[in-house]
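In: Just to be clear, the model below is a prediction. Sequence and coordinates:
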Amino acid sequence: IQLYSGFQLCQQQNKGMEEMNTALHCEDSEKFLKNLDKNTMFDLVVTSPPYNIGKEYEKTKNIDEYLTWQDNIISLLTPHVKETGSICWQVGNYIKDRELLPLDIALHDIFRKQGLKLRNRIIWTFGHGLHAKKKFSGRYEVILWYTKQDDYVFNLDPVRVPSKYPNKKHYRGPNKGKLSGNPKGKNPEDVWSIPNVKHNHPEKTEHPCQFPVALVERLVLSLSNKGDIVFDPFMGSGSTGVAAIKNNRNFVGIDNNQKYYNIAVDRLHKNKCELCEKLQTNSCARCNKETHISWQIAVNMGEKDER
């Protein structure tokens, strides 16, 4: 799969599984998308762009400049999403002079301008955060899920959650005595309670705003199929990649911060090895452990790193 001039997805040889590909690149996302081969198409985009709130990995802009920049990214990205594909944009709030602007509201018209259709405004609620003194403490962020058309990939069964009353039965009619709900569980709805990644979280890295894998995994499982290509243009510490490779999807990740890019490289490799130690087959070219996958990763155009 050609992504970029001289830049290839590196194949992961998965014995007994589909042949998967993973490619990471340390570069500005806008530059990457401008040079992306026109025939490269993604099945699913999951990302969380900088919120423009002064974190160490971003340069703060005025809000109009920020939205123009996001407009440029989204307009470059949309043509590379398959007609049956999805875009998931996870955002929080922009705050200036103690006034709050929900970024999902500010960005919605940009997505609509591209002809995209909003399917869900998913509320991600978490139990920890700063305690406010002059307002209610913020405990949620938003995932905007868009598709190009009405025929799109949506797999509900892999993400069902336990029903409130799993043994409830019909009490009358032709189905009397039969289970009234789906035995696989219920739809997880559009409010997701998933802990955020704080200091004692087992997934915690040096990245200050890290995605929990469980959040991304629900999107990967429901909005893509095995063997599909998942793309994250602001991959940070690589949580989207972990969720993708864990569930037999191809992954392409971009980040312009060398420190977080390096964390993502090591984290995805560690995840591959932990997963494959259980299968105990091939040796890993990166760490020489008895693993299932021979790891290769593209780090520069036309170059491969097999550390």
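Out: Yes, it's here. Predicted model only: the values in this text are computed from it and were never measured.

In: contacts and neighbour counts: CA atoms only from here.
Out: Fine.

In: in this structure, which helix or strand is least confident?
Out: In the chain, no helix or strand scores lower on mean pLDDT, DSSP states H and E than strand 297-300, which sits at a mean of 32.

In: What ranges does the stretch 101-250 of the chain have for its strands?
Out: With DSSP state E, counting those that start in this stretch as the definition, the stretch 101-250 of the chain shows strands at residue ranges 117-125, 140-147, 191-193, 229-232, 250-255.

In: how far is the host helix or strand of N72 from where the chain is centred?
Out: Under the criterion of DSSP states H and E, N72 resides in helix 63-77. Distance of helix 63-77 from its chain centroid, counting by Cα atoms, centre = their mean, to the nearest Å, is 19 Å.

In: tell me which residues in it are buried?
Out: With burial defined by 16 or more other Cα atoms under 10 Å, the residues of helix 63-77 counted as buried are I63, Y66, L67, Q70, D71, I73, I74, S75, L76, L77.

In: Export those as CSV, with columns for pLDDT and distance to W145.
Out: Shown next, in CSV, are those (pLDDT from 0 to 100; distance: Cα to Cα, whole Å):
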residue, pLDDT, distance to W145
I63, 92, 22
Y66, 92, 20
L67, 95, 18
Q70, 95, 16
D71, 97, 16
I73, 96, 16
I74, 98, 13
S75, 98, 16
L76, 97, 18
L77, 97, 15
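
In: what's the neighbour count on V191?
Out: 13 (other Cα atoms under 10 Å).

In: Look at the residue nearest to it when sequence neighbours are not counted and say how many residues are nearby.
Out: Distances taken as Cα to Cα, 6 or more residues apart in numbering put I123 closest to V191, at 4.7 Å, once the chain neighbours are dropped. A count of nearby residues for I123, using other Cα under 10 Å, gives 18.

In: same deal with N35?
Out: Around N35 there are 12 residues (other Cα under 10 Å).

In: mind listing the helices for this protein?
Out: For the chain, helices defined by DSSP state H occupy the ranges 29-34, 63-77, 103-113, 213-223, 239-246, 258-277.

In: Return the most buried member of those helices.
Out: helix 239-246 (a mean of 25; mean count of other Cα atoms under 10 Å).

In: tell me the angle that one makes with helix 213-223.
Out: Following axes from the mean of the first three to the mean of the last three Cα atoms, to 10 degrees, one obtains 60 degrees for the angle between helix 239-246 and helix 213-223.

In: Which neighbouring elements make contact with helix 239-246?
Out: If contacts are counted by 3 or more Cα pairs under 8 Å, 6 or more residues apart in numbering; DSSP states H and E, helix 239-246 sits against helix 213-223, strand 229-232, strand 250-255, helix 258-277.

In: Go again with 6 Å.
Out: helix 213-223 (3 or more Cα pairs under 6 Å, 6 or more residues apart in numbering; DSSP states H and E).

In: so how far is the helix it packs on from its chain's centroid?
Out: Distance, stretch centre to chain centre, for helix 213-223: 7 Å (Cα atoms, centre = their mean).

In: now do stretch 134-152
Out: With Cα atoms, centre = their mean, you get 13 Å for stretch 134-152.

In: pLDDT averaged over that stretch, what's the number?
Out: Mean per-residue pLDDT for stretch 134-152: 94.

In: can you check stretch 79-87 too?
Out: 98.

In: give me the beta-bridge partners of the residue nearest to V191?
Out: V142, V191 (DSSP bridges).

In: what's the closest of the buried residues of helix 63-77 to I110?
Out: Nearest to I110 among the buried residues of helix 63-77 is D71, at 6.0 Å by Cα to Cα.

In: That concludes my questions; thank you for your assistance.
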